[in-house]
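*Asks:* Predicted structure and sequence below. I'll ask about it afterward.
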Amino acid sequence: MGIDQALILVCGALAAWLSQDMSRTRARWACVFGLASQPFFLAATCQAGQLGMFALAMLYTVAWARGAWSYWLRPALHRRM
């Protein structure tokens, strides 16, 4: 297993685990770990020629980015105003 596969495994599993946490403080970290794994997931599926999985990875990227916006970016913008 290469380092990229290990990062996909660890970050992806941690993101899924945190997304189900009852604590909002911990759950908001799910999108951070989810986004951290996406470049490696996208590269792996692209290199393997798995277009369906690549498309799925793009959808996951959008979903994790939505979480980043909701939990991190939007609140930071509101605090600056």
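*Replies:* Thanks, I have the structure now.

*Asks:* From Trp64, how far out is the residue nearest in space to the middle of the chain?
*Replies:* Nearest residue to the geometric centre of the chain (C-alpha atoms, centre = their mean): Gly34, 1.7 Å. Computed as C-beta to C-beta, to the nearest Å, the Gly34 to Trp64 distance reads 4 Å. From N, CA and C alone the C-beta is placed, and that goes for glycine too.

*Asks:* list the residues that contact both of these two?
*Replies:* Common neighbours of Gly34 and Trp64, counting by C-beta atoms under 8 Å, 6 or more residues apart in numbering, are Ala15.

*Asks:* And the residue nearest to the centre of the chain, what's its pLDDT?
*Replies:* Gly34 carries a pLDDT score of 98 in this model.

*Asks:* residue contacts, it?
*Replies:* 11-12, 15, 19, 60, 63-64, 67.

*Asks:* Now that we have these, which of them are buried?
*Replies:* Using 16 or more other C-beta atoms under 10 Å as the burial test, the contacts of Gly34 include 11-12, 15, 19, 60, 64, 67 as buried.

*Asks:* For Phe40, give me the pLDDT.
*Replies:* Reported pLDDT for Phe40: 95.

*Asks:* what about it, neighbour count?
*Replies:* When counting by other C-beta atoms under 10 Å, one arrives at 20 neighbours for Phe40.

*Asks:* wait, what's in contact with it?
*Replies:* Taking C-beta under 8 Å, 6+ apart, we find Phe40 in contact with 4-5, 7-8.

*Asks:* what's the closest non-adjacent residue to it?
*Replies:* With sequence-adjacent residues excluded and distances taken as C-beta to C-beta, 6 or more residues apart in numbering, Phe40 is closest to Asp4, at 4.4 Å.

*Asks:* Check Met1 too.
*Replies:* Leu9 (7.8 Å).
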